[in-house]
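In: A predicted structure for the sequence below; I have some questions about it.
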Amino acid sequence: MQTIKTEKSYKDIGYWLRKKKFAHIEFNSKSEYISTSWLNQPVTFKLTEKVGFETWYKEAFGGSLIVFELALENGNMKMMGYCPLLLFGFWPLKLSFKKKAGFIFKYRKQGYNIQKEFQAFLSK
């Protein structure tokens, strides 16, 4: 979990994320399932609501997801970024972003780059 001092509002942050093709999740229960596709096969991810945080996601390389959980409190942005993985179809994992990732894990590098852009945006 990172904390970044910012003067941005939720409106500014939402605009930036939508511009980067992120979607906001409105949880109807404690968890939501997001489906994408890879090689014409469905891929499903389970995202769990973190109380007090807004959850945003974007489809990335290979049908994977990039997820940000954000909370703005007194000019401080609490941020958790990760790539979810549903191992064996029932065991959810949160893979951290990675500066250097192999071809199969290219989405982790995408997440790292987007997170750096987002941090720069928040710091302006």
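Out: It's in. Numbers count the residues shown, from 1 in each chain.
In: any idea which element the residue nearest the centre of the chain lies in?
Out: Geometric centre of the chain, nearest residue: Val67, 1.2 Å, by CA atoms, centre = their mean. Assigned by DSSP states H and E, Val67 belongs to strand 65-73.
In: ok, then the element right after that strand?
Out: strand 76-87.
In: how about that following strand: buried residues?
Out: Within strand 76-87, the residues that count as buried by 16 or more other CB atoms under 10 Å are Met77, Lys78, Met79, Met80, Gly81, Tyr82, Cys83, Pro84. In this view, the C-beta of every residue, glycine as well, is placed from N, C-alpha and C.
In: Just put the residues you listed in CSV and tack on pLDDT and distance to Glu59.
Out: Formatted as CSV, the buried residues of strand 76-87 follow (pLDDT from 0 to 100; distance: CB to CB, whole Å):
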residue, pLDDT, distance to Glu59
Met77, 91, 23
Lys78, 92, 24
Met79, 93, 20
Met80, 94, 19
Gly81, 94, 15
Tyr82, 94, 15
Cys83, 92, 11
Pro84, 91, 12
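In: just to revisit the earlier point, quick one: the strand holding Val67 to chain centroid distance?
Out: For strand 65-73, the separation from the chain centroid amounts to 6 Å (computed by CA atoms, centre = their mean, to the nearest Å).
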